[in-house]
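Asker: model the structure of this input:
(2 chains)
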Protein chains: 2
Amino acid sequence: MGLTFKLIHSTDAGGRRARLELPHQAVETPVFMPVGTAGSVKAVSQDVLEALNAQIILGNTYHLYLRPGHEAIRRMGGLHRFISWPRAMLTDSGGFQVFSLSQLRKVTDEGVRFRSHLDGSSHFFTPEHSMDVQIALGADIAMAFDECTEYPAERSRAEESLRLTMAWARRSLDHFRAHRHEVPWHEHEMHEHGAPHPGSAWVGSQSLFGIVQGGMYTDLRRQSAEQLVEMDFDGYAIGGLSVGEPRDLTLEMIAEVLPLLPPDKPRYVMGVGYPDEIEQYARMGVDMMDCVLPTRAARHGLLFTSEGRMTIKNRQYAEDQLPPDPNCNCTVCRRYTRAYLRHLMQAGEPLSATLNTIHNLAYYLAIMERVRASLAGEKGTGGLELLDER
Amino acid sequence: MGLTFKLIHSTDAGGRRARLELPHQAVETPVFMPVGTAGSVKAVSQDVLEALNAQIILGNTYHLYLRPGHEAIRRMGGLHRFISWPRAMLTDSGGFQVFSLSQLRKVTDEGVRFRSHLDGSSHFFTPEHSMDVQIALGADIAMAFDECTEYPAERSRAEESLRLTMAWARRSLDHFRAHRHEVPWHEHEMHEHGAPHPGSAWVGSQSLFGIVQGGMYTDLRRQSAEQLVEMDFDGYAIGGLSVGEPRDLTLEMIAEVLPLLPPDKPRYVMGVGYPDEIEQYARMGVDMMDCVLPTRAARHGLLFTSEGRMTIKNRQYAEDQLPPDPNCNCTVCRRYTRAYLRHLMQAGEPLSATLNTIHNLAYYLAIMERVRASLAGEKGTGGLELLDER
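Answerer: Residues are numbered from 1 along each chain as shown, chains lettered A, B, ... in the order given. Next up is the predicted model:
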């Protein structure tokens, strides 16, 4: 068992305030996970992420496999050590990127042949290979290798895609169980510290989550969830959302799947979303979410604030002496003005991406902190073991 | 009088350990000043600069005049407030950039007409206009408007260039003296705090430095220095160096000029240099230096270390688990490996520029800290008033 999921409080609306104990860090949920594609949450340092109280970040298997390579990372003690991130980490399976970024991909039951978006070199990914790569990276949580069904998709296409994802889930789990002991950090950590990372609940191994697919067909989604639960993963993700479908469809799929998942295991909705979305899903019972939106939008000058979205490059901010968000307490809002952030972007200064990213991440993380506090106080069950937020 | 220069100790070799008291901050000299061209030391935040113990940074008049404009900055309370930098600041005159960056420039005795490198728009800079812009920016120290003589230059060309620079120095000083009270921050600061910035010696106004030119002709350099000293500036810079000439010529020009400058005023060599250069010149009696080298080289992956220059992108560092400089105590060297820094650069991650810049600046600032400690302890005069480094 790689994780412990302690429910602290469940609301009548289905929301859950919990603590997810992982080898490197205990994570207070619901949690938003910043995306660190190639071993860096773009434009911010690990020191800054720690100061922002980011509890868990993502790494992308596809990117790290191509560069610097998972075997190199294994030799260097795993991804945590390679990027100097002592807290929790999750890697995706590489599936989503193989399907969205690579060229000339060819899918068979066995796996996917594709060409790198970097240099056109040819690679073959199977569920087993994805597990090997993710074990070498050694994140606290790995994801089953899946096919993310595109939107829109005909029913026959969604059925075929789901068949593949379910077969790959089985193979992912079998290979993961046989090889999870090969994770590079266990030995390292024990050797260097003689004890688990301070503050973590040492449970010693990686976890694997299954991914519910099924396109926008509720019966396929149900079938997918039931089959995965039968396989008994450490946690469950809902994938294939936020791929262009309308918001009410996203919501419908999440609402359909959540009740089918075991209450004592973490639930993760992949790739969402806007600030109001992450709050909404968290209140429905989603424990984990990730999205490139706050970081990518930041690099394009889009700030999320308590007063709505702000395009910081707009002329109206040229001499605006207010902080980006007067209701935000982040280091950027405490120190800099809209006028300065606009200038940095106009002038093409690298600091622009950094400061915008810090604010957007702070905004997202503050939402989840508020939601956690709110969930803990709502009508429902539990609450005896309400723990301090760190 | 805009500054106070307190000599703490002078060595027999000419080196000086001193304290330069400026309106916003007292600066321990010799000092290296990071360059913040467009209102940002590229890729690092003001918080990081403070943590690095940067005492004084540069702003570029040419860049800030073009974008966002000096009148906008004046309306926002000056450059210190605009970029949220409470410590000391210096602006160049814009002359160097007008001559090196702009297009279609036409020089007359009156001033320089040039086209912006950003949009081709036409502008006319005179010594008076440079002063107006620098007063609006409101740095602690402004620089006289000069022509930086190119290298190599015939004697007749160097003479003509120097004639212009000397006439412009006179006009700069006259206009500055007549308008220095228009600096935007005095009123603001007094209004907000009712007192000077904590830790600073409040002296209430900007200072103006003259710039010694004369190409690589020692007699022209002497003539330039003597004329400027006669005009009685608040400090003296040596410009027109590091423009492509051999190192021994740079050294010869500095050695020729330094003895002609008044010992009770700060001496600033512009645009230098490599780590060994800044140490060498500081030991000869140069109090202030600035250079884009540590920050620009960082963005190209060139690190300065106690073991020499390191091209971090080289393959040899792919799995190198050492810090960039094992003898460096900066936040980057304490946390990250060469392998990680190499990966960030290979992957085009924005964090690459940030971490490389932090290390290079830390390395440069640590050199000057060592030199200050060393100068204070060497054989010479003074030392009674030896002050703690902050």
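
Asker: where do the strands of the stretch 251-390 of chain A begin and end?
Answerer: All strands of the stretch 251-390 of chain A, identified by DSSP state E, counting those that start in this stretch, fall at A:267-269, A:288-290, A:302-305, A:308-311, A:380-382.

Asker: now for the longest strand anywhere in chain A, which elements pack on it?
Answerer: Among the segments of chain A that qualify as a strand by DSSP state E, the longest is strand A:4-11. Taking 3 or more C-beta pairs under 8 Å, 6 or more residues apart in numbering or on different chains; DSSP states H and E as the contact definition, the neighbouring helices and strands of strand A:4-11 are strand A:16-21, helix A:350-377, strand A:380-382. Where you see a C-beta, it was placed from the backbone N, CA and C, and this is true even at glycine.

Asker: 10 Å instead?
Answerer: Secondary-structure packing of strand A:4-11 (3 or more C-beta pairs under 10 Å, 6 or more residues apart in numbering or on different chains; DSSP states H and E): strand A:16-21, strand A:26-29, helix A:350-377, strand A:380-382.

Asker: follow-up on the earlier one: which of the strands of the stretch 251-390 of chain A sits most buried?
Answerer: With neighbours defined by mean count of other C-beta atoms under 10 Å in any protein chain shown, none of these is more surrounded on average than strand A:267-269, at a mean of 26.

Asker: need the residues that contact that strand.
Answerer: Strand A:267-269 is contacted by residues A:5, A:16, A:29-31, A:33, A:90, A:141, A:143, A:209, A:211-212, A:235-239, A:241-242, A:250, A:253-254, A:257-258, A:261, A:277-278, A:281-282, A:284-291 when judged by C-beta atoms under 10 Å, 6 or more residues apart in numbering or on different chains.

Asker: so for that strand, mean pLDDT?
Answerer: For strand A:267-269, the mean pLDDT works out to 98.

Asker: so what are the sheet partners of the longest strand of chain A and their directions?
Answerer: Strand A:4-11 has its sheet partners listed here by DSSP bridges as strand A:16-21 (antiparallel), strand A:380-382 (antiparallel).

Asker: how about the residue positioned nearest the centre of chain A, what does it touch?
Answerer: Centre of chain A computed as the mean C-alpha position; nearest residue by C-alpha atoms, centre = their mean is A:Asp290, 3.4 Å away. With contact taken as C-beta under 10 Å, 6+ apart, A:Asp290 is in contact with A:31-36, A:56-58, A:90, A:92, A:237, A:268-273, A:278.

Asker: buried ones among those?
Answerer: Among the contacts of A:Asp290, those scoring as buried are A:31-36, A:56-58, A:90, A:92, A:237, A:268-273, A:278 (criterion: 16 or more other C-beta atoms under 10 Å in any protein chain shown).

Asker: which residue packs closest to the residue of chain A positioned farthest from its centre, ignoring adjacent ones?
Answerer: For chain A, the C-alpha lying farthest from the average C-alpha position belongs to A:Glu319; by C-alpha atoms, centre = their mean, that distance is 37.0 Å. On the basis of C-beta to C-beta, 6 or more residues apart in numbering or on different chains, the spatially nearest residue to A:Glu319 that is not a chain neighbour turns out to be A:Ala339, at 5.3 Å.

Asker: is it correct that that neighbour is in contact with A:Tyr317?
Answerer: Yes - taking contact to mean C-beta atoms under 10 Å, the distance of 6.1 Å between A:Ala339 and A:Tyr317 places them in contact.

Asker: those residues of the stretch 51-200 of chain A touching chain B, which are they?
Answerer: Taking C-beta under 10 Å from any C-beta of the partner chain as the measure of proximity, the stretch 51-200 of chain A contacts chain B at A:51, A:63-64, A:66-69, A:72-73, A:75-77, A:81-85, A:118.

Asker: so which of those residues are in strands?
Answerer: When strands are assigned by DSSP E, not one member of these lies inside them.

Asker: just the buried residues out of those residues, in PyMOL syntax.
Answerer: Taking 16+ other C-beta under 10 Å as the burial criterion, the selection of buried members of these in PyMOL is written as:
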select buried, chain A and resi 63+64+66+68+69+72+73+76+77+81+82+83+85
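
Asker: end to end, how far does stretch A:324-340 reach?
Answerer: Chord length of stretch A:324-340, first to last residue, is 10 Å (C-alpha to C-alpha, to the nearest Å).

Asker: just the buried residues of it, please?
Answerer: For stretch A:324-340, using 16+ other C-beta under 10 Å, the buried residues are A:324-325, A:328, A:330-333, A:335-340.

Asker: return the member of those residues nearest to B:Arg372.
Answerer: Nearest to B:Arg372 among these: A:Arg335, at 28.7 Å, using C-beta to C-beta.

Asker: look up the closest residue to the closest one, ignoring the ones flanking it.
Answerer: Nearest residue to A:Arg335 in three dimensions, chain neighbours excluded: B:Ser84, at 5.0 Å (C-beta to C-beta, 6+ apart).

Asker: surely the one you found and B:Gln46 touch.
Answerer: Yes - applying C-beta under 10 Å as the test, B:Ser84 and B:Gln46 come out as touching, 5.6 Å apart.

Asker: spit out the residues that contact these two alike.
Answerer: A:Arg335, A:Tyr336, A:Tyr340.

Asker: residues in contact with the last one?
Answerer: For A:Tyr340, the set of contacting residues under the criterion of C-beta under 10 Å, 6+ apart consists of A:312, A:317, A:320-321, A:323-324, A:332, A:351-352, A:355, B:39-40, B:46, B:68, B:76, B:81-84.

Asker: again, but for the first one
Answerer: Contacts were defined as C-beta under 10 Å, 6+ apart; by that measure A:Arg335 touches A:Pro323, A:Leu355, B:Ser45, B:Gln46, B:Asp47, B:Ile83, B:Ser84, B:Trp85.

Asker: the first one and A:Tyr317 touch, don't they?
Answerer: Read that as A:Pro323. No - using C-beta under 10 Å, A:Pro323 is not in contact with A:Tyr317; the gap is 11.3 Å.

Asker: and for the two, which residues touch both?
Answerer: Here A:Pro323 and A:Tyr317 have A:Thr337, A:Arg338, A:Tyr340, A:Leu341 as joint contacts, going by C-beta under 10 Å, 6+ apart.

Asker: need these in JSON lines (columns: pLDDT).
Answerer: Compiled in JSON lines, those are given as follows (pLDDT from 0 to 100):
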{"residue": "A:Thr337", "pLDDT": "98"}
{"residue": "A:Arg338", "pLDDT": "98"}
{"residue": "A:Tyr340", "pLDDT": "98"}
{"residue": "A:Leu341", "pLDDT": "98"}
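
Asker: sort out which one of the residues you listed lies nearest chain B for me.
Answerer: Top of the list for closeness to chain B, among the shared contacts of A:Pro323 and A:Tyr317 and by C-beta to the nearest C-beta, is A:Tyr340 at 6.1 Å.

Asker: quick one: the closest one and B:Gln97, what's the gap?
Answerer: Remark: distance between A:Tyr340 and B:Gln97 (C-beta to C-beta, to the nearest Å) = 21 Å.

Asker: now swap in A:Pro184 and tell me
Answerer: When distance is defined by C-beta to C-beta, A:Pro184 is 51 Å away from B:Gln97.

Asker: circling back to that earlier point, which ones among the contacts of A:Asp290 map onto helices?
Answerer: Where these overlap with helices, as defined by DSSP state H, the overlap consists of A:Ile278.

Asker: burial measure for A:Gly120, as a count.
Answerer: Applying the criterion other C-beta atoms under 10 Å in any protein chain shown, we find 10 residues in the vicinity of A:Gly120.
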